[in-house]
Each structure stands twice: as C-alpha cells, then as structure tokens.
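> no FASTA, just this:
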C-alpha cells in the first residue's frame, strides 16, 4: 500500500473516484468543481490534493500551494482507522462533532445537509479504504 496522501496514493484515489458513478456522476449532476486536500491535524499544510471539475477528478498528487475549497485533517491514527473501516454518514458526523475530523477550509455543516453532496462525500471515504 502506498503511503497515505502520497502522490501514488492520491492518484489511486483519483482512479477510484473517476470509476465510481455514485461519486463522479452524482457530482457531475450538480456541476461540482473543487480543490480538495487531505492531511494530518498537526501539519502546517495538507499533504495530498485532488482537483475536481464537473464531478471528475482531473488531477491528483502532492499539495503544492493550490488554493483550496476543502482541507480535511485528522490524526494519522484516525485516518488509519477510517481506511480500515470507512465512515458512514453517522460516523462522519460524530468524527466532525468530536473534532476527530477537522475542516481547515470548507463548510462541512452546509455540505452534509445537502444530500447531493453528502452522499458522494461519504462514498469517497469508502474509496479511500480500497487503496
């Protein structure tokens, strides 16, 4: 398994994202465009980034100063748990409420209230566990 949020890891996520109609196609329906980053809570910047245009991930790799729409952070231990057993909607809400999942950029509360965004977002966590 490649290192979490490495260039190789992010590109595997890109391939899984683009192959999953419940993520890519559902987000294309709402014309979703975003620059999304992931990393660790204690880091000064995220590690990995992927760029989504009209639901499709068009670029993924190491974070290189891109302007972000979303920046998700958690401890390495929590990311590891979620890779082994992906979060569902309830688990994600609990992770956010308890501070295990932080959003340095992005409005989690607004996103989770919109089923057209929330369901693909939760599904993307399941994709991470396949890497």
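It's in. Being a predicted model, the structure only gives us computed values, none of them experimental.
> pLDDT wise, what is the spatially closest residue to residue 24 that is not a sequence neighbour at?
Among residues not flanking residue 24 along the chain, residue 55 sits closest, at 4.9 Å (CB to CB, 6 or more residues apart in numbering). Where C-beta positions appear, they are placed from N, C-alpha and C, glycine not excepted. pLDDT for residue 55: 97.
> mind giving me the packing neighbours of the helix or strand of the chain with the lowest mean pLDDT?
Least confident helix or strand of the chain, by mean pLDDT, DSSP states H and E, is helix 108-112 with a mean of 88. Applying 3 or more CB pairs under 8 Å, 6 or more residues apart in numbering; DSSP states H and E, one finds that helix 108-112 contacts helix 89-97, helix 115-128.
> winner for burial among those helices?
Comparing these by mean neighbour count (mean count of other CB atoms under 10 Å), helix 115-128 comes out on top with a mean of 18.
> packing partners for that helix?
Under the contact criterion of 3+ CB pairs under 8 Å, 6+ apart, helix 115-128 touches helix 7-19, helix 24-29, helix 76-84, helix 89-97, helix 108-112.
> and for the closest residue to residue 62 other than its chain neighbours, the neighbour number?
In this structure, residue 62 finds its nearest non-sequential neighbour in residue 7, 5.1 Å apart by CB to CB, 6+ apart. Number of residues near residue 7 (other CB atoms under 10 Å) recorded here: 14.
> how much space between residue 7 and residue 60?
From residue 7 across to residue 60, the span is 8 Å (CB to CB, to the nearest Å).
> anything in contact with each of those two?
Here residue 7 and residue 60 have residue 48 as joint contacts, going by CB atoms under 8 Å, 6 or more residues apart in numbering.
> for stretch 8-24, buried residues please.
For stretch 8-24, burial by neighbour count (16 or more other CB atoms under 10 Å) applies to 9, 10, 11, 12, 13, 14, 16, 17, 18, 20, 23, 24.
> closest to residue 128 out of the residues you listed?
residue 13 (6.3 Å; CB to CB).
> mind listing what the closest one touches?
48, 50, 57, 60, 124, 127, 128, 131.
> so which of those is the closest to residue 90?
Checking the contacts of residue 13 against residue 90 with CB to CB, the nearest one is residue 124 at 16.4 Å.
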